[in-house]
Every structure is written in C-alpha cells, then in structure tokens.
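Colleague: A structural model of the following input is requested.
(chains A and B, ligands or ions: 2)
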Amino acid sequence: MAYTISADGLRKRYGDVQAVDGVSFDVEEGEFFGILGPNGAGKTTALEIIEGLREADEGTVSVLGLPPWPRNSKLLPRIGVQLQASSFFERLTAREQLQTFASLYGVPARRADAMLEAVGLTAKAGERVEKLSGGQAQRLSIACALVHDPELVFLDEPTAALDPQARRNLWDVLREINTEGRTIVLTTHYMDEAESLCDRVAIMDAGRILRMGPPATLVRGLDSPARISVPSGVLPLDDARALPGAGEAADDGVSLVIETRDPSAVVAAMAARNALTGVQIHGATLEDVFLELTGREYRA
Amino acid sequence: MSTWQSFRSLGRAMFLGFVRDKGALFFTILFPMMFLVIFGGVFGHQSTSKVEVVEIGAAPLIDQAVARDADLRKTLKVTRYETRAAALKKVEKGDADAAVEQRGGTLDVHYSAADQVKAGTAQGLLGSIVESANQAKSGVAPTYRLAAQQVEDDSLKAIQFFTPSLLGWALASAGVFGASQTLVSWRTKGILRRLRLSPAPIATVFAARVVVSVGVALVQLALFLAVAQLPFFGLKLQGSWWMAVPAVVAGVLAFLGIGMLIGAWAKSQETAQSVTQLVVLPMAFLGGSFFPLDASPGWMRTLSYIFPLRYLNEAMLNVMGRGLGPMSALPQIGVLLGVAVVASLLAMRLFRWDSA
Ligand SMILES: Nc1ncnc2c1ncn2[C@@H]1O[C@H](COP(=O)(O)OP(=O)(O)O)[C@@H](O)[C@H]1O
Ligand SMILES: [Mg+2]
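Modeller: Ligands and ions are numbered 1, 2, ... in the order given. Here you go, the predicted structure:
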C-alpha cells in the first residue's frame, strides 16, 4: 500500500543554518504522527517542505501520491494546514473567517457553524479574531484547517503557549479528528503531548531525526531505571539501599528516591515494611530518551 | 472549486476589513472630504470682497450716492459710527478700509497705510462719488465715462477646480495605500501563505482587491460630487461629467498597480507606509491636486507629466469642471491604463508569498 506521506532525504539550508539535514519518514493512512524536538530543531521547515510551502534543496516528497512542489492545486483541497503562526483575515469575526476559508475551498459557508461547534467556539462566533485568547485562536486556526474535510491534516505546534487546561481540551479535539479517520501530522516540543497523542513519534534535533517509533517502544527500548520515591522519614536511607532489587538511593530531606530496574520487587519489599505511605513510581519518559540520544537535558 | 466563489469571499473579506478599519475609513473618505470643505469653503467664495467704509457721523453725500446707485451698493459697504475715535479704531485694526467725515462740502478720508490696495480702492470709489456729485450739481453731462467690467477669465471658479483635483488626490492615496497595505500586511501576517495552501487561484486575490478598490473609489466620487454640489459650495457639473467615471476607474487601476508594486517590494508595513507617502504626497502637490497647474511655473508643469495623478486630474477637470466634450478625457485614460499595465506586470515579477 502507498504511504500517505513519503519523505526521503530532505535537506534545506538557510544561509549558514542547515535547518533540515537528511530527513526521511513515511506516514500511513489514518496514523497520528508526531515530530518532536526543541525549538530550532527544524520541525517547521520539514513540515513546510511536505506541505508544499518551501522547496527542498535535496530529497523527494510525495503526499497522497502527488508532489507538493510546485503549488499543486490537485493536492491542496485534500490537505488541511494549521501554520505555526496563526494567520487570519484582519477584522473578521470567527464565523466570517471560517466562511471565507470554506468558500475558498468551494465548501458551503454553513459548514462554518459546524466547525465552530466542533472546536467549541460557538459562543465566540461573532467575536473578531483579534479579540480571541491564544487557545481560542489556535482552535479557530485548526477549524480553518478542517473546514473542507481534508484527508490529511498538518498541525504545527497547535498547543504552544496554551495553559495546561486549554492544552488538554485541544488534545481531545485532536483525538476526535484522528478517530474520524484522518491522518494527522503534528509537531510539538512537548514530550507529554507526543506521548499522549501520537501513534508514532520522530524525535528531531539539529535537522535530523534521531529516533522514530511508537512512544512506548522508544521508552521501553531505553535501558533506564524506574524511580520510586516516598517522603523523607518513611524509610531510613540505609534500609532503602538494602532492599532487594534496589539500585542507587538518595534522600534530599524532602523525599527519598530509589532507582531500580525491578520496581515490583522493591515495592513488594517496601509493602512488607509498611513503608508505602505517599509512594510514587516514575517510569522513563521521552525526556530520558532525548537525554540518552543527545547527551543533553531536554529543554524546549 | 469555483473561482467565482473564491473571488467573492476574498472580496468580502477585504471589504469588511476595510469598512471596519476606522483609520482607513477616515483617511480615504473623511480626510479628503475635510479638504474639500475647507478649500471649497475658503476659496469657493472668493468673490471680490466689498470695500468697507465707516462714516463718522452722517455723510449725506455718500448716503445719497449709495441710495441712488445699485452697482455701488455691490462694491461699497457703509457703516456709521458716532465718534471719530471708534471709526478710526476700525480702520487701524483693518476692519474697515477707510473712515469718512463730511464737513460741509469737504469729505475727509482717513485711511491706513497697512493695506494700500484697499485704501487706494476706497479713495478711488469715494473720489468718483464726489466727482459725480459735482457733475450732477453743474448739470453738464459727462463727456468721458469709465466703463469698468470684470473679466470672466479662463480661470475656473475655485470649486470647479478643487472638486476633481482633491478627488484625484483622495483616489490616489486610497488606491496606492489600499493595495500596498493589503499586500504587505497579508504577507507579513501569513495570510498569503495560508491562501497559497488553499486551491484559490492567485488571480482571484488580485481581482478581489481591484474590485473592492474600484467600488470604494466610486463611493468617493459620489460623495465628493454630492457635497460639492451643495448650494454652499456650488459645483456646477458640466455636460460630459459622466466621463469622470471611466477616468476614475482607469485612475484606480493605475494607483492599484503602483500600490501593488510598492507592496510586492516592501518588506514591512512601515516601509510600505513611508514609501506610499513619498509617492502620493509629491504626486498630489506636483500633479495639480492642491493648486492649478495652469498657474504654476513652467518647470513644474513639465515635471507634472511624470505623475499619473496629473492625467486623472486633467481628465476629470476637463469633463467635470471645464465642460469639454467626452473625448477630452480619452488620452489621459489611455495613459492611466498604460501605467496600470506596466506597474502590475512589475508587481507580478516582484511578488512573494512569504516574508522570508
Ligand atoms: N526563513 C528562514 N530563514 C532563515 N533561517 C531560518 C528560516 N526558518 C527557519 N530558520 C532556521 O532554521 C532552523 C530550524 O527552524 P525551524 O524549522 O523553524 O525549527 P522548529 O520549527 O523546530 O523550531 C532554525 O535555526 C531557524 O533559525
Ligand atoms: Mg516551528
């Protein structure tokens, strides 16, 4: 079966900066694919090459079986794009904005109200875009990308600069879109977002894809210990070190943290000592994957 | 994908964006209108003002002359003051051109040297009153007579000039500004890239801008004509004024072309704004929008030929103000369309979707 997106050996240079440095990946139909990386990793550039907004210096792309560059009016109605910087017509209301985009795609303007509903902006329909909050603007921008019911949706950091509540609301919207059968490609610099939403993630840094796969597989492939913590005083530090299966342990006066590759054995031993008050267990995360791949702490 | 639908929705978006922009509305509609009201109001009534004379006490010689002669009443305005001091004060302050005191058979005229022209006119008028009074007394019919007639010269009544030429300026600034601002702000705000991702043909973006601008220009034309024809301003539209409509359309196309050229070239809105001013203001001054070119020095008239606005002003002036036939606007319309084509072609070559 042909891939929905097939990118091979993409490179793009801006002056001295090699923004994208040999990126290849395929996305299957219906997949929720994430590109995760810190700012400046080259996510936007890679995405814009695939959308057909920029021409790659090297490499080939095919989207839904068609080349996106130069501007391909056969392809455009089938994809929906939310750009990193939201771009709205000035001084139009949310509804007018959607109506305008609907007509550009030859879709009846009444789709606008259905879209407002879908992203939970019905109450803001008559509000000028300049007055929308960051989260509302992002949701409107996504609605504009979806108004013509595209098969493939590109979202460039849709939740950047949103507060946690707004981010979670938006995640629900995105999952919904994906469940309807659309293929989604999303970029993000939030680890938890990639873990929570994506079927597959490409971890990107300095223009390259470092690793790619389902988030759980990436984390499991990592040989990093789990961390078990209890409030200080629940268990003496020496006792903790002596627990079966325990590795390093440290007490900073607030919490006692035990590293282990066998968390179930350690927890069982702690239970036997009745020392499970306030226990927390942290598995490895994509942050640990990033640390291992780059040798650097992950800083978005 | 209907091109027509894209075109309509973009036109609507631009139109709403324009009418909701209070600044743009002010500068395209109200601001030029203020100029029309001021210029029309000030210069439109520049009929030769009356000579004002104050009498000190009664001056029967003058009163009789004014009562007899209707023409004299048109040129001479007489007020009476009881005291000499009050009357002289008026003259000193320039409120009156001369003060007159009749003592028996003598008229004493007091005048100020500040406005010698007015003082001279006043003396001349009073002198002729005395002379004709003498003649009437002697009963001899005058052998020589001075028949003064105001020359209805070629120069136009002010409002006939200001209506088309201020309108020309208004159209030029709205056209150039509208096009350059739309293009630059749509590019810097990413709307152009977003449109690029939609299947709408680019031509519809430009076509929508053209249609909205032409619509706005026709509204400007209608408002200008409506205001200038109010009795207070007194514009008299000449027979083939309707030729102003195609002239306005051609002018708008030329200015849009220039605006798109600026908009395609400029990187930021500030640059576009300053360049627009640098183009429009000199063009308005030297293209004959604020004063008639007929009365300007030769070099200025020669220079004016490089400004598209000159042709629009001339075309509108010919058919609206001067009362020339409809054909008189055709050459200018031709030039404007030529400018439109050349500027648009250049703009298309410079066009960029993206700011980086
Ligand atoms: N238009 C551009 N001109 C010059 N440099 C650019 C441009 N766009 C991006 N870059 C540079 O390319 C690199 C990758 O940028 P970008 O693709 O935006 O990364 P990300 O989206 O992951 O933050 C950065 O170093 C950025 O400064
Ligand atoms: Mg980015």
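Colleague: how about the strands in the stretch 151-300 of chain A?
Modeller: Counting by DSSP state E, counting those that start in this stretch, one finds strands in the stretch 151-300 of chain A at the ranges A:152-156, A:183-188, A:200-205, A:208-213, A:226-231, A:246-251, A:255-260, A:280-282.
Colleague: and the fourth one, what does it pack onto?
Modeller: Counting contacts by 3 or more Cβ pairs under 8 Å, 6 or more residues apart in numbering or on different chains; DSSP states H and E, strand A:208-213 is packed against strand A:17-27, strand A:200-205, helix A:286-294. C-beta coordinates here come from the backbone N, C-alpha and C atoms, glycine included.
Colleague: go with 10 Å
Modeller: Counting contacts by 3 or more Cβ pairs under 10 Å, 6 or more residues apart in numbering or on different chains; DSSP states H and E, the secondary-structure elements packed against strand A:208-213 are strand A:17-27, strand A:32-36, strand A:200-205, helix A:215-220, helix A:286-294.
Colleague: quick one: which of those is nearest residue A:233?
Modeller: Between residue A:233 and these, the shortest gap by Cβ to Cβ is with helix A:286-294, which sits at 28.1 Å.
Colleague: can you redo the strands of the stretch 151-300 of chain A as JSON lines with distance to residue B:7, mean neighbour count and mean pLDDT?
Modeller: Putting these into JSON lines (distance: least, Cβ to Cβ, whole Å; neighbours: other Cβ atoms under 10 Å in any protein chain shown; pLDDT from 0 to 100) gives the following:
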{"stretch": "strand A:152-156", "distance to residue B:7": "26", "mean neighbour count": "23", "mean pLDDT": "95"}
{"stretch": "strand A:183-188", "distance to residue B:7": "31", "mean neighbour count": "24", "mean pLDDT": "95"}
{"stretch": "strand A:200-205", "distance to residue B:7": "40", "mean neighbour count": "24", "mean pLDDT": "93"}
{"stretch": "strand A:208-213", "distance to residue B:7": "42", "mean neighbour count": "18", "mean pLDDT": "92"}
{"stretch": "strand A:226-231", "distance to residue B:7": "61", "mean neighbour count": "18", "mean pLDDT": "88"}
{"stretch": "strand A:246-251", "distance to residue B:7": "68", "mean neighbour count": "16", "mean pLDDT": "87"}
{"stretch": "strand A:255-260", "distance to residue B:7": "65", "mean neighbour count": "20", "mean pLDDT": "90"}
{"stretch": "strand A:280-282", "distance to residue B:7": "57", "mean neighbour count": "13", "mean pLDDT": "85"}
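Colleague: let me see the mean pLDDT of stretch B:114-131.
Modeller: Stretch B:114-131 shows a mean pLDDT of 78.
Colleague: contacts for it?
Modeller: Here stretch B:114-131 makes contact (Cβ atoms under 10 Å, 6 or more residues apart in numbering or on different chains) with B:48-49, B:51-53, B:59, B:61-62, B:64-66, B:69, B:72, B:75-76, B:91-94, B:96-100, B:105-107, B:109-113, B:142, B:146.
Colleague: who are the contact partners of the residue lying closest to residue A:36 once chain neighbours are set aside?
Modeller: Nearest-residue entry for residue A:36: residue A:194, 4.3 Å, with adjacent residues in sequence omitted and distances by Cβ to Cβ, 6 or more residues apart in numbering or on different chains. Taking Cβ under 10 Å, 6+ apart as the contact definition, residue A:194 lies against A:32, A:34-37, A:186-188, A:200-203, A:215, A:218, A:286.
Colleague: can we see that at 8 Å?
Modeller: By Cβ atoms under 8 Å, 6 or more residues apart in numbering or on different chains, the contact set of residue A:194 is A:34, A:36, A:188, A:201, A:215, A:286.
Colleague: between those residues, which is nearest chain B?
Modeller: Closest approach to chain B among the contacts of residue A:194 (Cβ to the nearest Cβ): residue A:188, at 19.6 Å.
Colleague: deepest in the core, which of the helices and strands packed on strand A:208-213 is it.
Modeller: The highest mean neighbour count among the helices and strands packed on strand A:208-213, using mean count of other Cβ atoms under 10 Å in any protein chain shown, belongs to strand A:32-36: a mean of 26.
Colleague: next, the angle from that strand to strand A:200-205.
Modeller: Put simply, strand A:32-36 runs at 10 degrees to strand A:200-205, going by axes from the mean of the first three to the mean of the last three Cα atoms, to 10 degrees.
Colleague: tell me what strand A:32-36 is packed against?
Modeller: helix A:43-51, strand A:183-188, helix A:191-197, strand A:200-205.
Colleague: I'd like the distance from the third one to the chain centre, please.
Modeller: Its chain's average C-alpha position is 6 Å from that of helix A:191-197, according to Cα atoms, centre = their mean, to the nearest Å.
Colleague: now do the buried residues in that helix.
Modeller: A:191, A:193-195, A:197 (16 or more other Cβ atoms under 10 Å in any protein chain shown).
Colleague: could you dump those residues into CSV and include pLDDT and distance to residue B:335?
Modeller: Listed next are those as CSV, based on pLDDT from 0 to 100; distance: Cβ to Cβ, whole Å:
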residue, pLDDT, distance to residue B:335
A:191, 84, 64
A:193, 90, 60
A:194, 89, 61
A:195, 88, 66
A:197, 93, 61
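Colleague: now tabulate these in JSON lines and tack on distance to residue B:179.
Modeller: Output for those, formatted as JSON lines (distance: Cβ to Cβ, whole Å):
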{"residue": "A:191", "distance to residue B:179": "46"}
{"residue": "A:193", "distance to residue B:179": "42"}
{"residue": "A:194", "distance to residue B:179": "44"}
{"residue": "A:195", "distance to residue B:179": "48"}
{"residue": "A:197", "distance to residue B:179": "43"}
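Colleague: would a markdown table of the residues you listed with distance to ligand 1 be doable?
Modeller: Shown next, in a markdown table, are the buried residues of helix A:191-197 (distance: Cβ to the nearest ligand atom, whole Å):
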| residue | distance to ligand 1 |
| --- | --- |
| A:191 | 14 |
| A:193 | 14 |
| A:194 | 13 |
| A:195 | 18 |
| A:197 | 17 |
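Colleague: list, one by one, the residues from chain A near ligand 2.
Modeller: Contact residues (Cβ under 5 Å from the ion) of chain A with ligand 2: A:43-44, A:84.
Colleague: which one of these is nearest ligand 2?
Modeller: Using Cβ to the ion, the shortest approach to ligand 2 within the residues of chain A next to ligand 2 belongs to residue A:44, at 3.2 Å.
Colleague: need the pLDDT of that closest one.
Modeller: The model's pLDDT for residue A:44 equals 95.
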